[in-house]
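J.: After the sequence you'll find the predicted model.
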Amino acid sequence: MDKETLPRWGWLLVGLFAMAILANSINLLVLGPAGLEPEYQVITVITSMAPVLIYIGVWYDEERQVYWENSREHMIGDLIFIVVGAAMGSAIALVPLVDAGVTDLIRDIVAMGAGFMLSWGLFWWRNTELYRQQ
């Protein structure tokens, strides 16, 4: 993939759209029939989008290219931290809001914020050298 084909926001848009389709397909075909309530299906979408938000920045920024020199095990561990962090953060934020009767839009935005912040925080914690000022 050539970085110059699209600007950063274009790669983000393509990646987020692809993950939204994948997550909603999983919700429709697997999790919905398995009994996951529609209110909680946003967790799947947030969890699938979190790696895109983090890794597009790491891939696109020249000063962060050293990340790709890490071992495959390190990168897989980072991905696990990102996915688990996004799922846990969004679920922790979503559960009390569903019970409180908050509107869908507010609920989803708060869950996205919490999920993305926890996943990025865990990624940063494992890779502080990427974000140090030179």
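T.: Ah, there it is. In this text, all values refer to a predicted model and were calculated from it rather than measured experimentally. Numbers count the residues shown, from 1 in each chain.

J.: Now do the contacts for Asn127.
T.: Tyr67, Asp78 (Cβ atoms under 8 Å, 6 or more residues apart in numbering). From N, CA and C alone the C-beta is placed, and that goes for glycine too.

J.: How far off centre is stretch 90-107?
T.: 18 Å (Cα atoms, centre = their mean, to the nearest Å).

J.: mind listing what's buried in the helix or strand Val52 falls within?
T.: In this assignment (DSSP states H and E), Val52 forms part of helix 42-60. Neighbour counts over helix 42-60 (16 or more other Cβ atoms under 10 Å) mark 42-56, 58-59 as buried.

J.: helices or strands up against that helix?
T.: helix 8-26, helix 72-100, helix 104-126 (3 or more Cβ pairs under 8 Å, 6 or more residues apart in numbering; DSSP states H and E).
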